[in-house]
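Q: quick one: sequence plus predicted model below, questions after.
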Amino acid sequence: MTFPSWPEHPEPPLRPDPPGYPYPPLRPIPKRDGPLMVPLVDLPPDLTDQRRVLVSGPLDEEATTRVCAELMELDARSAKDVELVVNSDGGRLSDVLRLLDVIGLMRAPVRTTCVGRATGAAAVLLACGTGGRRASRHALMSLRCAEREELQGSPAALRSQLDELELVRRHVLEALAKATDRPAAELEEHLDHGSILDRQQAAALGIIDPFDD
């Protein structure tokens, strides 16, 4: 497209387009006479080989369902150890019972590790590992369950809910007593009024295994 020029400024001549415009000229690909040498490197292992499941945030119904599904999937693949990394303030005791049942039915040992903190139901989960239990150097733990159950309905419904909560609590205490080798009365006190523990205190209570470092 050209535009008219002023009379005193004549239009300059158009420059010819470069060869191959608007695309650059193609260059021939040189032929390779010898074999192509590729360096060998050590690639990182596949993520599925790590067999690690993270428990982070509230340990509610949605979280326990996801963790149960991941544990069962890893157990179906292999009987090798699974690591359960816990960093949670827990949730309802009734929700953690599902996780304890899945861990108890797995052929693969489940190693539990606290990184950060584990309180309430999360500390119960930490204590019930079947393949070793440990905590990071600055981890904080407590069996005190701050989650409160909401009861509603008629007196008969309230009575039924209370009976269910008592049954859940008894099952949790039995699992803790077996895992920690501590009397149920002491563990019940920790469920109601337990304080925050460092990993030395948690090891003394039996929540994690003894350590040397």
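A: Received, thanks. Computed from a prediction, not measured in an experiment: that's the story for all the values here.
Q: in this protein, which spans are helices?
A: Along the chain, the stretches classed as helices by DSSP state H are 61-77, 93-105, 121-127, 155-180, 184-193, 199-205.
Q: in TSV: the ones you listed, plus mean neighbour count.
A: Where you see a C-beta, it was placed from the backbone N, CA and C, and this is true even at glycine. Below are the helices of the chain laid out as TSV (neighbours: other Cβ atoms under 10 Å):
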stretch	mean neighbour count
helix 61-77	16
helix 93-105	18
helix 121-127	28
helix 155-180	14
helix 184-193	15
helix 199-205	17
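Q: worst average pLDDT in those?
A: Per-stretch mean pLDDT for the helices of the chain is lowest at helix 155-180 (a mean of 89).
Q: ok now that helix, how far from the chain's centre?
A: Relative to its chain's centre, helix 155-180 lies at 27 Å (Cα atoms, centre = their mean, to the nearest Å).
Q: picking up where we left off before, closest one to residue 137 among the helices of the chain?
A: Comparing those by their distance to residue 137 (Cβ to Cβ), the top pick is helix 199-205, with 7.1 Å.
Q: who touches the closest one?
A: With contact meaning Cβ atoms under 8 Å, 6 or more residues apart in numbering, helix 199-205 is reached by 114, 135-137, 139, 141, 143, 180, 182, 190, 197, 208-211.
Q: using CSV, list the CA coordinates for that helix.
A: The C-alpha atoms that make up helix 199-205 are tabulated as CSV, following Å, rounded to 0.1, in the frame of the first residue of the first chain:
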residue,chain,number,x,y,z
ARG,A,199,9.4,-35.3,71.8
GLN,A,200,11.3,-36.3,74.9
GLN,A,201,8.1,-36.1,77.0
ALA,A,202,6.1,-37.8,74.2
ALA,A,203,8.6,-40.7,74.1
ALA,A,204,8.3,-41.1,77.9
LEU,A,205,4.5,-41.3,77.5
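Q: quick revisit: now, the contacts of helix 199-205 that are in strands?
A: Per DSSP state E, strands hold the following members of these: 114, 135, 141.
Q: got a PyMOL select line for the buried ones in the residues you listed?
A: Only the buried entries of these go into this PyMOL selection, using 16 or more other Cβ atoms under 10 Å:
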select buried, resi 114+135+141
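Q: nearest to residue 164 among the ones in strands among the contacts of helix 199-205?
A: Among those, and counting by Cβ to Cβ, the member closest to residue 164 is residue 141, at 26.9 Å.
Q: residue 100 reaches residue 125, doesn't it?
A: Yes - with contact defined as Cβ atoms under 8 Å, residue 100 reaches residue 125; the gap is 7.3 Å.
Q: now do the contacts for the residue nearest to residue 136 when sequence neighbours are not counted.
A: The shortest distance from residue 136 to any non-neighbouring residue, by Cβ to Cβ, 6 or more residues apart in numbering, is to residue 115 (4.9 Å). When the contact criterion is Cβ under 8 Å, 6+ apart, the partners of residue 115 are 85, 86, 87, 135, 136, 139.
Q: if I look at the fourth one, how far off is residue 121?
A: Taking Cβ to Cβ, to the nearest Å as the measure, residue 135 and residue 121 are separated by 16 Å.
Q: is it true that residue 75 touches residue 108?
A: Yes - between residue 75 and residue 108 a contact is recorded at 4.8 Å, counting by Cβ under 8 Å.
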